[in-house]
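S.K.: structure of the sequence below:
(chains A, B, C and D)
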Number of protein chains: 2
Amino acid sequence: MKFDNHTLILLRRSPLFRALEPSQFNALVDTARLYTLNEGELLFRQGDPLNEVFVNIKGFVKLFRLTPNGDEKVVDIIVPGSSFAEAVLFMGGRQYPVHAVALKPATVVGINAVQYEQMLRSSVDVCFGMMGLMSRRMHWLLNEVDRLTLHNATFRLVIWLLEARCSDPTCNRIALDVPKHVVASRLSIKPETFSRILKRLANHQLISVNDQHIDLLDVAMLEEMIRVEL
Amino acid sequence: MKFDNHTLILLRRSPLFRALEPSQFNALVDTARLYTLNEGELLFRQGDPLNEVFVNIKGFVKLFRLTPNGDEKVVDIIVPGSSFAEAVLFMGGRQYPVHAVALKPATVVGINAVQYEQMLRSSVDVCFGMMGLMSRRMHWLLNEVDRLTLHNATFRLVIWLLEARCSDPTCNRIALDVPKHVVASRLSIKPETFSRILKRLANHQLISVNDQHIDLLDVAMLEEMIRVEL
DNA sequence: GGCCTTAGTTGATCTGGGTCAAGGTGCTCA
DNA sequence: TGAGCACCTTGACCCAGATCAACTAAGGCC
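M.R.: Have a look, this model is predicted:
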C-alpha cells in the first residue's frame, strides 16, 4: 500500500473525493505523490503552472501572497484533511494564484490534475461535489472582504477566536500551533497590534493567553462584542 | 417571443448558458422572468432564499453588504451581460449572501434555479462552464483581499482606473455611469478620500475628471505607479 | 420660480493601527 | 554554555485615511 491508513481515510473524506467510485478513487491514489516538507519548505510558488491538486495530511501549510517589496499576506492556513488549489484547475492559464510553504514539518498528497479532471468529466456528481466546495470557498472569501472593510482589527481577532476553537463546542481553548505572527497576517493585523489586542482582551478577563494556547473565559461576552459591533 | 433579440443574445453569450444545447437554452428562457427595476429598487436581500439566478441586461446592479449600524460595502457592480448569484446554487442553505439593488433603471432576467440545476445535472460540459466561471470569480475575490490588505487607497483607485476603461484598449476614457460614492465603496474608500485622490492625480496631469467621465492622460505613468508600488 | 434632497468637494481635525526601536525569552547548534 | 536567531512584547511616535462640518451644484417637483 502506497499510503498509510490514516492518509487514505483523510483522502477519502475530502470533498474532492467523496463522490468518486471506489475504482476511481483508487486510480487517483495510485498516481498521487506524497510530499514530505520540512518547516519553511516551499510546495509551490505563485505563478507556477498547476499540475497537482493537494490534500494536507499532517502539519500546516500557509498560502500567501507577496508584494514586490516583500510584504506578506497570509491568505489561508491549511489544516490536516483540507484540500487546496482545486479551483485553479478551471482557470485559464492554470497557474497557482498564491505561494504555499509548510509551517511545520508537513505531509501533503499531490493529486494529478489532468487525471482528476478526467474523473470530473466522467461524473456529474463529482462535479457537483466540486461546485459545492468552490461555492463554500467563495462565500468564505466574500466574508473575508466583508470583515476587512466593515470591521476593525479587534472584531476580526474576536471572530477568529470564536471560529478557531477546537470544533467541540464545549472546548474553549485555541491551540497556538502556528506562530502568532502568521495568525496576525492571516487576520491582516501587524504582530505588534495583534499582541496589544490580545493583552487588552486578557486585561478585560475575556481570555487568557499563554505560549501554547488561548483560553476563552467569557464566550458570551465575546459573542456580544461581535454582535453589537465592538 | 418573450424577450427581445438583444436580451436573447446577451443571455446566449453568458458563460452560464454557453455550453447548453439550443433546446435546453430555450427551455430555460421559457420559464425565465424579466424584472424591470426602478432606480434604487431592491432585487433581493441578503439572507433571502435563492430561487433564481440572474443575468443583467440593462442598467447597473450593485451587490452590497451592510453592518448592523448601516455601513455599506459595495462588493460588486454588475454590468449588462453579466450574471450574478450563480455560485449560491451550490451552497447549503441557498441564501443570497449579499443585497442587490438597481443603480439605474435596470432590466434583469431571472432564471429558475431548480430548472438550471437540472440542466447542470444533465451535462458535464455545462458543469465545466460553471466551474470555470466560479473559478474566475474566486480569483477575483482573492485579488480583492490582496488589494485591500497589501495596497493603499491610491493604488486601488489607479488599478480600478486601468481596469475599468472601456474594453477597447485605445480608449482611455472611463464613463462615470454610477455615482462616485458607489465606486468609492466598491474600492473601500470613503467619498471624501476618493475625491481627494482623484484631485491629486488630476493635479499631477495623470487624469482629467468631469461629471460624465474620467480621461486617462498618462496611462504609462499610471501603470508604472502600480508596478513600483506607488 | 422656489425649495428640498442628493452628490460631490474642500478644509480642519482626529484616530486606529502602523512603524520604529529597545528589550526579553527561549531555541538551536556548535 | 553561550552565541545567534526567531519570535514576541512594550513603549513612543507617526500617518493614511476617517470623520466632522461647511459649502456648492444639480436635479426633481409642487
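S.K.: please tell me how far the spatially most central residue of chain A sits from residue A:102.
M.R.: Closest to where the C-alpha atoms of chain A average out (CA atoms, centre = their mean) is residue A:78, at 2.9 Å. Look at residue A:78 and residue A:102: by CB to CB, to the nearest Å, they are 10 Å apart. Any C-beta I mention is one placed from the backbone N, CA and C, and that applies to glycine too.
S.K.: now swap in residue A:48 and tell me
M.R.: Separation of residue A:48 from residue A:102 (CB to CB): 16 Å.
S.K.: swap in residue A:152?
M.R.: From residue A:152 over to residue A:102 the distance is 31 Å, taken as CB to CB.
S.K.: the longest helix seen in chain A near chain B anywhere?
M.R.: Secondary structure of chain A per DSSP state H: the longest helix is helix A:124-150. Yes - looking at helix A:124-150 against chain B by CB under 8 Å from any CB of the partner chain, the contacts come from A:124, A:127-128, A:130-132, A:134-139, A:141-142, A:144-146, A:148-150.
S.K.: same deal with stretch A:154-172?
M.R.: No - on the criterion CB under 8 Å from any CB, stretch A:154-172 is out of touch with chain B, staying 9.9 Å away.
S.K.: quick one: mean pLDDT over that stretch.
M.R.: For stretch A:154-172, mean pLDDT is 85.
S.K.: got the contact list for that stretch?
M.R.: A:147-148, A:151, A:173-175, A:183, A:186-189, A:194, A:197-198, A:200-201, A:207, A:214-217, A:219, A:222-223, A:225-226, A:229-230 (CB atoms under 8 Å, 6 or more residues apart in numbering or on different chains).
S.K.: show me how far stretch A:187-201 is from its chain's centre.
M.R.: Taking the mean of its C-alpha atoms, stretch A:187-201 sits 21 Å from the chain's own mean (CA atoms, centre = their mean, to the nearest Å).
S.K.: how about the residues of chain A near DNA strand D?
M.R.: Proximity of chain A to DNA strand D (CB under 7 Å from any atom of the strand) is limited to residues A:176, A:179-182, A:191-192, A:194-196, A:198-199, A:209.
S.K.: possible to save those residues as a markdown table with secondary structure, neighbour count and pLDDT?
M.R.: Putting the residues of chain A next to DNA strand D into a markdown table (DSSP: H, G, I helix; E, B strand; the rest coil; neighbours: other CB atoms under 10 Å in any protein chain shown; pLDDT from 0 to 100) gives the following:
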| residue | secondary structure | neighbour count | pLDDT |
| --- | --- | --- | --- |
| A:176 | coil | 15 | 92 |
| A:179 | coil | 13 | 95 |
| A:180 | helix | 15 | 96 |
| A:181 | helix | 16 | 97 |
| A:182 | helix | 17 | 97 |
| A:191 | helix | 14 | 97 |
| A:192 | helix | 10 | 97 |
| A:194 | helix | 18 | 98 |
| A:195 | helix | 15 | 97 |
| A:196 | helix | 14 | 97 |
| A:198 | helix | 19 | 97 |
| A:199 | helix | 12 | 96 |
| A:209 | strand | 16 | 94 |
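S.K.: ok, which stretches of chain A are helices?
M.R.: Assigned helices in chain A, in chain order: A:5-13, A:22-31, A:113-122, A:124-150, A:153-164, A:180-186, A:191-203, A:219-227 (criterion: DSSP H).
S.K.: is the shortest one positioned near DNA strand C?
M.R.: No - where contact is defined by CB under 7 Å from any atom of the strand, no part of helix A:180-186 touches DNA strand C; the two come within 8.1 Å at best.
S.K.: can you tell me if that helix touches chain B.
M.R.: No - residues of helix A:180-186 are not located near chain B by CB under 8 Å from any CB, the shortest gap being 8.7 Å.
S.K.: run through chain A and note the low-pLDDT ranges.
M.R.: Along chain A, the model assigns pLDDT under 70 to residues A:1, A:167-170, A:229-230.
S.K.: and the residue of it that's closest to DNA strand C?
M.R.: Here chain A gets closest to DNA strand C at one residue, residue A:152, 2.9 Å apart by CB to the nearest atom of the strand.
S.K.: how many residues are close by that residue?
M.R.: Neighbourhood size, residue A:152 [other CB atoms under 10 Å in any protein chain shown]: 12.
S.K.: ok, the closest residue in space to residue A:81 that isn't next to it in sequence - contacts?
M.R.: Excluding its sequence neighbours, the residue lying closest to residue A:81 (CB to CB, 6 or more residues apart in numbering or on different chains) is residue A:10, at 5.0 Å. The neighbours of residue A:10, taking CB under 8 Å, 6+ apart as the test, are A:55, A:57, A:80, A:81.
S.K.: in these, find the pair that's most separated.
M.R.: The largest separation in these, counting by CB to CB, is between A:55 and A:80 at 9.0 Å.
S.K.: residue A:56: what's it in contact with?
M.R.: Contacts of residue A:56 (CB under 8 Å, 6+ apart): A:78, A:79, A:80, A:81, A:82, A:83, A:84, A:106, A:108.
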